Structures are given as C-alpha cells and as structure tokens.
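Colleague: Requesting a structural model of the entry that follows:
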Amino acid sequence: MTKEFDVVQLDVHHLRVIRAIADTGSLSRAAIALGVTQPAVSAQLKRLENMLGYQLFDRREGSVSPTPMGELLLRRTAALLPQLDKLLEDIEQRVCPSGPPDVVRVVSVASALVAHLPSLVHRLWPDVAEVQVIHDDHPERLLPLLSQRRAELGLVKDYPGYELEIPANVDTAVVVTEPTFVLLPEGHPLACQEVVDLRELRNESWVMVSDSSAATFTKYFADTCARYGFSPSVTHQVTSQQVALLVVRSGAIGLSQPICDPRNLGIVTRPLRGNVLPRRHILAWNRETFVAGRRAELLAAVVEAYWAEARTSPVYAGYLDSHGELGTRPDDG
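Modeller: As a prediction, the model looks like this:
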C-alpha cells in the first residue's frame, strides 16, 4: 500500500529532533541537546512517525538506532538542516529585538550557583516571563547549545590543565576559582585537623563518582596524586554525590565542592593544604545574544551570590577568613 504524506508538514523542527536523536543515540541525551524534556522528545518523535507512517528509530533499553527509513531521512536532510538553521539565524538577527526572549534557557553543570541564576536573570531582565534550567554535568554538551543559540546562558566548570574548548562565538567569564575539600567520616583521625595534607591520605580508600561526566575530574585527581607520589586506591565508584556521601559515612574518603556541608550525615569537610585541586566556575553566553549587553552586571551578581552562599558553610567560611576569597595558589607538591 502506498502511504500518502504531504511533505510540507515536515518542518525544520522535525529535522532537528531526528538529527539530535541520531547524533546522541538516546532520547534523554537528545532532550538535553534540544533543551527540552525527554517526554517531549518522545512525544515529538511519535507524532512525526505517525505523520510519516513509518518507524524512524528502533528503541532498545537505554538507546535508539535509526531504521532504514530513518537512515534515508537522515541522509537526505543532512545538508539541508544546517542551511535552514543558518537561514533562520539570519532572519532572527534582522527581525528580533536586542532584548531577551520571553523564555530564557539556562544550561548548567552541578553547582550551588545554579539555584541563583533564575532570580538573577529576572532581576536584570524583568520582562523575562520564565527561566528554564537544563542540568547536565557534561560541559562539552552544554557549550554547543550556547553556540547554536539553543540556550541563552550557561554555567560550567573546568580544572587547571583541563580547560574547556570554548566555541568561537561564545564568551566566558570566571566567576570564582575555588578549592576542593576532602570528605571524612566524623570519627576519622584526621577529622580533628583544620587542614589535611593530600599525602596524609595516600593509604586511604577513596570513593569517586564514576559516570562519564566525572571522567575529567577523576583524571585530574589521579594526576595530582601522582605529583604527590602516590596512586589513590579508589575502592568505591558510585553514580552520584549523594551515594558518595553515604559511602564516606561508612569509612571511605571523598571529595566535594567547598560549599557542601554534610555535617548532619556524620561527615566533616576539610580543606586540602595548598589548594591542590582548584576548579573554576565559568559563566558563558553567546556574544550575539542579549546577555552580552549586561554581562558585567550579570557576572557581578553571580559572584555576589556565590560568596553569600559560601558563607553559609562554616568550614568554608573559616577557610575564607584565613585565606581570603581567592584562596591560595596550588603549590608544586
């Protein structure tokens, strides 16, 4: 039977959805790339398949792959989608006002700062109706969203020697360079010290978050330990910081951002001597969007929010009183 279909119904949004699904191999990762929820992507794909009368992707547990019809559609539209995106971008630059859109999309890695971004956006741009926050701990997936103008504002992190590759049309500003704190069970012999030397932990069992988003930090940590003359014994690999805290309470050693305050879990945080594992929190935006015009004000507001949040953690507040807000430079081991 011949299936009838009006090709006019196939628009650039449909092409973008199937391209994202094919590129990521997953509906959940495609949702992140598109800046929407996974149920929305699933519903859009189902509507498109119903409209075409063909299944475009085979669904398997945790992944998807294109069917022969899906591969045909992807091949035929591979060159078309970039041209359509460029056309829409050219039109937008000529027609759209310089002010913010009604809905501002924020992309962010795990950070205490992300909770402050919606209110800061509303403060600087009162006409914004809604701020949507998309969380993903893979900065390499977030920065392209800014470059492609699928998000307006981003917050990412990087580490010395593992700096991010920033797209040419994306501007950045460092919010803060902060230390890494060590997590100890409250009964650990080193818990009574105000500062812990990394060498004192050489014989300990460590817990690390092991998903792909933490791969860069894990290598950064291992390389730093090597500079201090040892290889860490990572005996526990977990999928979230919440699980890591439970493992620390049972006796392992962990690492965290300094704002973390897990005292109610029977865990203490301590700074590492010499600030040996610093990280940068980085604000990012497409330089052609409305954010660029007030970037200095936005950065100042985010920095202020960070230090206000930092003061809520007693250990971090004490560290700042001793070291100042910039902390100390990493030593040479």
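Colleague: Residue 157 versus the residue nearest the centre of the chain, what's the distance?
Modeller: The residue lying closest to the centre of the chain (CA atoms, centre = their mean) is residue 109, at 2.3 Å. The gap separating residue 109 from residue 157 is 5 Å, by CB to CB, to the nearest Å. For every residue, glycine as well, the C-beta is placed using N, CA and C.
Colleague: so what sits against both of those two?
Modeller: Taking CB atoms under 8 Å, 6 or more residues apart in numbering as the contact rule, residue 109 and residue 157 both touch residue 139.
Colleague: Report pLDDT for the nearest residue to the residue nearest to the centre of the chain once chain neighbours are set aside.
Modeller: Leaving aside its chain neighbours, residue 109 sits nearest to residue 137 (5.0 Å; criterion: CB to CB, 6 or more residues apart in numbering). Per-residue confidence (pLDDT) for residue 137: 84.
Colleague: how many other residues sit next to residue 137?
Modeller: Neighbourhood size, residue 137 [other CB atoms under 10 Å]: 18.
Colleague: Check residue 320 too.
Modeller: 19.
Colleague: For the stretch 151-300 of the chain, which segments count as helices?
Modeller: Under the criterion DSSP state H, counting those that start in this stretch, the stretch 151-300 of the chain contains helices at 215-227, 241-249, 295-310.
Colleague: could I get these as CSV with mean pLDDT, mean neighbour count and distance to residue 163?
Modeller: Compiled in CSV, the helices of the stretch 151-300 of the chain are given as follows (pLDDT from 0 to 100; neighbours: other CB atoms under 10 Å; distance: least, CB to CB, whole Å):
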stretch, mean pLDDT, mean neighbour count, distance to residue 163
helix 215-227, 93, 16, 10
helix 241-249, 92, 19, 23
helix 295-310, 93, 16, 19
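Colleague: Let me know the pLDDT of the residue nearest to the centre of the chain.
Modeller: 91.
Colleague: quick revisit: out of the helices of the stretch 151-300 of the chain, which is closest to residue 69?
Modeller: helix 215-227 (35.3 Å; CB to CB).
Colleague: next one: that closest one to chain centre, how far?
Modeller: Helix 215-227 has its C-alpha centroid displaced from the chain centroid by 19 Å (CA atoms, centre = their mean, to the nearest Å).
Colleague: Need the CA coordinates for that helix. CSV is fine.
Modeller: Output of helix 215-227 as CSV, limited to C-alpha atoms (Å, rounded to 0.1, in the frame of the first residue of the first chain):
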residue,chain,number,x,y,z
ALA,A,215,35.9,11.5,34.0
THR,A,216,37.8,14.7,33.6
PHE,A,217,37.9,15.4,37.4
THR,A,218,38.8,11.8,38.1
LYS,A,219,41.9,12.1,35.8
TYR,A,220,42.7,15.5,37.3
PHE,A,221,42.6,14.0,40.8
ALA,A,222,44.7,11.0,39.8
ASP,A,223,47.4,13.2,38.1
THR,A,224,47.5,15.4,41.2
CYS,A,225,48.0,12.4,43.5
ALA,A,226,50.8,11.2,41.2
ARG,A,227,52.5,14.6,41.7
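Colleague: Helices along the stretch 1-150 of the chain, start to end?
Modeller: Counting by DSSP H, counting those that start in this stretch, the helices of the stretch 1-150 of the chain are 12-24, 27-34, 38-52, 68-77, 80-95, 117-124, 139-147.
Colleague: Distance to residue 322 for those - can I get that in CSV?
Modeller: Shown next, in CSV, are the helices of the stretch 1-150 of the chain (distance: least, CB to CB, whole Å):
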stretch, distance to residue 322
helix 12-24, 45
helix 27-34, 39
helix 38-52, 45
helix 68-77, 57
helix 80-95, 50
helix 117-124, 29
helix 139-147, 31
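Colleague: Would you convert those helices into JSON lines that also reports mean neighbour count?
Modeller: What follows is the helices of the stretch 1-150 of the chain, written out as JSON lines (neighbours: other CB atoms under 10 Å):
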{"stretch": "helix 12-24", "mean neighbour count": "19"}
{"stretch": "helix 27-34", "mean neighbour count": "21"}
{"stretch": "helix 38-52", "mean neighbour count": "15"}
{"stretch": "helix 68-77", "mean neighbour count": "15"}
{"stretch": "helix 80-95", "mean neighbour count": "11"}
{"stretch": "helix 117-124", "mean neighbour count": "17"}
{"stretch": "helix 139-147", "mean neighbour count": "20"}
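Colleague: and residue 302, which of those helices is closest to it?
Modeller: Of the helices of the stretch 1-150 of the chain, nearest to residue 302 by CB to CB is helix 117-124, at 6.3 Å.
Colleague: what helices or strands is that closest one leaning on?
Modeller: strand 103-108, strand 130-135, strand 153-158, helix 295-310 (3 or more CB pairs under 8 Å, 6 or more residues apart in numbering; DSSP states H and E).
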